[in-house]
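> okay, sequence plus prediction incoming.
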Amino acid sequence: MSELLSGFESLYKINAIPTLVLSLGLLGIIGILLTLGRRLDSAMKLERFGIPIALLVGAIGFLIGPYGPFSLLPERVLNTWMQLPTPLLTLVFATLMLGRPIPRVSGLWKPVASQALLGLLLGFGQYVIGGIIVLSFLLPYLGVDPLMGCIIEVGFEGGHGAAAIMGESFTQLGFPEGLDLGFAMATVGLLASTLLGSCLVFAGRSFGWLVPVDEEVINVLDESNVASKPFEQIKLLLCNFALAGLAVLIGILLLYCLRLSSLYMGDISQQVIRAFPVFPLALLGSFFIRFVLERIEKTKYISSLFQREIGILSTDLLIITAMAGLNLPLLTNYWFPISVLALGGLTWNLAGMLIFSRLFFRDEWFERAIAEFGNSTGVAASGLLLLRLADPRNSTNTLPVFSIKQLFLQPLLSGGLITVIAPLFISSFGLKGWTEFCGIISVSIFLIAIYLQSTYTKASV
């Protein structure tokens with residue numbers, strides 16, 4: 001059990017209690033200011049264009065951080081903050097299914113299947129693109145570590161939280177630069193998903209790719225269930241924090257059971273399970289709690305607004321702590337490989353957005369594609385943000401389809417099983433073998449998706 005809480009224990013090993021209180025106190029103040037700041041007109045206008053205020057605060061944190069030009073933030077505070085991305089990301093996924101009604105699967109399995117296939121294609125394709133770039137150019141000419149072939153998927157699909165988790169695996173495999181390079185790629189992905197994604201939504205409106213908005217449709221996420229009295233609001237907020245914490249606890253217990261079972265497995269299986277993070281299992285925990293509350297008709301204890309705010313605030317703090325710790329000297333040395341890999345990853349994701357999605361999806365292709373583009377470039381939170389821009393009234397089936405897809409794909413990609421296996425496979429069998437394997441998987445996924453779409457079209461004629 002102690003291994004599961006190692007991230008929290010390291011807070012005390014690295015820092016004295018006063019430093020811990022100072023670090024968490026500063027983060028708490030930043031969180032309060034963020035929550036209030038998002039209500040300002042200027043911040044709301046920025047978010048409409050897909051620029052989260054956390055990105056701006058993170059840039060300020062980088063400027064005043066130990067590696068920034070001003071160096072006002074004490075390094076001991078930053079050392080504490082660098083332990084927080086994993087707990088924060090776990091809290092994000094603990095709220096993901098709690099705040100939304102569980103969608104009915106009947107009639108949605110084909111859209112969910114095609115959505116999952118596009119997500120798998122983009123994820124495995126990022127390994128293919130990264131492997132080709134490293135093998136053909138970066139490795140022979142610049143002598144980079146072969147594990148850089150994983151950086152696109154870790155940074156784009158997994159984001160700052162997955163980069164923090166995989167940083168320890170990279171260090172154990174002799175690639176300590178992987179942590180900062182993963183953070184850098186995650187920052188590029190977040191910027192690209194917000195800025196480029198917003199431009200794509202604008203283009204979608206201009207070319208008529210979006211489904212016309214139905215004024216009668218009510219957005220489920222805006223149904224807050226918040227009581228009018230302040231005391232009742234505080235009570236409901238604490239209850240929602242407790243439910244999110246319970247989802248995290250379920251995830252920890254599931255991971256503990258997995259690690260116990262690994263004692264009876266082989267060495268490779270033990271390595272994979274030891275490196276497997278808790279946040280995909282926290283997603284399962286949130287789904288389980290929501291399912292139980294719906295069964296016993298006690299969903300009044302869940303506020304969609306509070307769950308969304310908890311998730312957004314955790315994502316914001318995750319971005320800020322990760323950006324504040326970006327190692328500028330290291331990134332200066334690796335700026336060219338990171339730029340080449342980021343350009344390759346963005347090109348692939350744009351192909352998925354504008355080409356593969358039209359082949360995979362029959363209806364509502366743009367809304368479904370923009371959500372997947374955000375998820376594959378800047379994690380699930382970015383996908384939901386872009387979906388809100390493209391479908392503000394939730395007038396399509398994209399949200400339930402995307403939510404169900406996340407439930408199945410999150411334990412695999414974006415810091416899940418495949419993300420954990422990739423560096424271990426490369427370290428044992430080589431980058432070429434992993435790239436070829438991912439290439440075969442990508443081609444197979446593409447063919448399955450085309451076949452599924454053709455059968456779906458014939459059945460509807």
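Sure, I can see it. All figures in this text were calculated on a predicted structure; none of them were measured in a lab.
> now residue 277, what's its secondary structure?
Assigned with DSSP: H, G, I helix; E, B strand; the rest coil, residue 277 falls in the coil class.
> correct me, but it touches residue 164?
No - with contact defined as C-beta atoms under 8 Å, residue 277 does not reach residue 164; the gap is 9.4 Å. Backbone N, C-alpha and C define where each C-beta goes, glycine included.
> which residues do these two both contact?
Contact criterion C-beta atoms under 8 Å, 6 or more residues apart in numbering; residues shared by residue 277 and residue 164: 86, 89.
> which of the residues in stretch 23-37 are buried?
23, 27, 30, 34, 37 (16 or more other C-beta atoms under 10 Å).
> how much distance is there from it to the middle of the chain?
Between the centre of stretch 23-37 and the centre of its host chain there is 22 Å, according to C-alpha atoms, centre = their mean, to the nearest Å.
> list the contacts for residue 366?
Residue 366 neighbours (C-beta under 8 Å, 6+ apart): 204, 209-211, 357, 390.
> quick one: end-to-end length of stretch 349-365, please.
In stretch 349-365, first residue to last residue: 15 Å (C-alpha to C-alpha, to the nearest Å).
> what does it contact?
111, 114-115, 117-118, 121-122, 125-126, 156, 196, 200, 209, 211, 366, 368-370, 372-373, 376-377, 396-398, 446, 449-450, 453, 456-457, 460.
> just the buried residues of the residues you listed.
Here, 16+ other C-beta under 10 Å leaves 111, 114-115, 117-118, 121-122, 125-126, 156, 196, 200, 209, 211, 366, 368-370, 372-373, 376-377, 396-398, 446, 449, 453, 456 buried among the contacts of stretch 349-365.
> mean confidence score for stretch 454-461?
Averaging the model's pLDDT scores along stretch 454-461 yields 64.
> re the thing from before, so for the buried residues of stretch 23-37, which is the shakiest by pLDDT?
Sorting those by pLDDT puts residue 37 at the bottom of the list (69).
> now stretch 370-381: how far from the chain's centre is it?
Taking C-alpha atoms, centre = their mean, one finds the center of stretch 370-381 at 8 Å from the center of the full chain.
> look up the closest residue to residue 377, ignoring the ones flanking it.
residue 193 (3.9 Å; C-beta to C-beta, 6 or more residues apart in numbering).
> ok, that neighbour - contacts?
With contacts defined as C-beta under 8 Å, 6+ apart, the neighbours of residue 193 are 50, 373-374, 377-378, 382-383, 386.
> those residues in helices, which ones?
373-374, 377-378, 382-383, 386 (DSSP state H).
> put the buried members of those residues into a ChimeraX selection.
Buried members of the ones in helices among the contacts of residue 193, defined by 16+ other C-beta under 10 Å, are picked up in ChimeraX with:
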select :373,374,377,378,382,383,386
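> of the ones in helices among the contacts of residue 193, closest to residue 281?
Distance ranking of the ones in helices among the contacts of residue 193 against residue 281, using C-beta to C-beta, places residue 383 first at 20.3 Å.
> please give the number of neighbouring residues around the closest residue to residue 68 other than its chain neighbours.
Setting aside the residues directly before and after it, residue 68 is nearest to residue 62 in space (C-beta to C-beta, 6+ apart), at 5.2 Å. Residues near residue 62, counting by other C-beta atoms under 10 Å, number 21.
> C-terminal to the strand or helix carrying residue 62, what's the next element?
Assigned by DSSP states H and E, residue 62 belongs to helix 53-64. Downstream of helix 53-64, the first helix or strand assigned by DSSP H and E is helix 75-81.
> for the chain, give me the ranges with low pLDDT.
When residues are selected by pLDDT under 70, those of the chain lie in 1-17, 19-20, 36-52, 103, 105-107, 213-229, 267-268, 275, 381, 456-461.
> what lies in contact with the helix or strand harbouring residue 332?
Here residue 332, judged by DSSP H and E, is contained in helix 328-333. For helix 328-333, the external contacting residues (C-beta under 8 Å, 6+ apart) are 62, 67-68, 177, 180-181, 184, 338.
> quick one: which of the residues you listed has the most company?
residue 181 (29 neighbours).
> next SSE after the strand or helix carrying that one?
For residue 181, the element it lies in under DSSP H and E is helix 178-207. Heading C-terminal from helix 178-207, the first helix or strand you meet, by DSSP H and E, is helix 230-261.
> that next one - contacts with which helices or strands?
Helix 230-261 is packed against helix 85-96, helix 267-275, helix 279-295, helix 304-324, with contacts defined by 3 or more C-beta pairs under 8 Å, 6 or more residues apart in numbering; DSSP states H and E.
> how does it look with 6 Å?
helix 85-96, helix 279-295, helix 304-324 (3 or more C-beta pairs under 6 Å, 6 or more residues apart in numbering; DSSP states H and E).
> most neighbours per residue, which of those?
Stretch with highest mean neighbour count among the helices and strands packed on helix 230-261: helix 85-96 (a mean of 26; mean count of other C-beta atoms under 10 Å).
> what's the first helix or strand after it?
Later in the chain than helix 85-96, the nearest helix or strand by DSSP H and E is helix 109-133.
> what does that following helix contact?
Applying C-beta atoms under 6 Å, 6 or more residues apart in numbering, the contact partners of helix 109-133 are 149, 152-153, 157, 340-341, 344-345, 348, 352, 360-361, 372, 376, 401, 404-405, 409, 413, 431, 435, 438-439, 441-442, 445, 449, 456.
> the residue nearest to residue 68 and residue 53, how far apart?
Separation of residue 62 from residue 53 (C-beta to C-beta, to the nearest Å): 15 Å.
> any idea how far the residue lying closest to residue 376 once chain neighbours are set aside is from residue 447?
Distances taken as C-beta to C-beta, 6+ apart put residue 122 closest to residue 376, at 4.2 Å, once the chain neighbours are dropped. As judged by C-beta to C-beta, residue 122 and residue 447 stand 16 Å apart.
> before we move on, what about residue 354?
In this structure, residue 354 and residue 447 are 20 Å apart, going by C-beta to C-beta.
> between the two, who's got more neighbours?
Taking other C-beta under 10 Å, residue 354 and residue 447 do not tie; residue 354 has more neighbours (16 against 10).
> on the three-state scheme, the more buried one is what?
Of the three states, residue 354 takes helix under three-state DSSP.
> how close does it get to residue 318?
29 Å.
> again, but for residue 453
36 Å.
> got the contact list for residue 296?
So residue 296 contacts nothing (C-beta under 6 Å, 6+ apart).
> ditto for residue 102
The contact partners of residue 102, by C-beta under 6 Å, 6+ apart, come to residue 290.
> measure it to residue 22 for me?
To residue 22, residue 102 is 41 Å away according to C-beta to C-beta.
> ditto for residue 383
In terms of C-beta to C-beta, residue 383 sits 35 Å off from residue 22.
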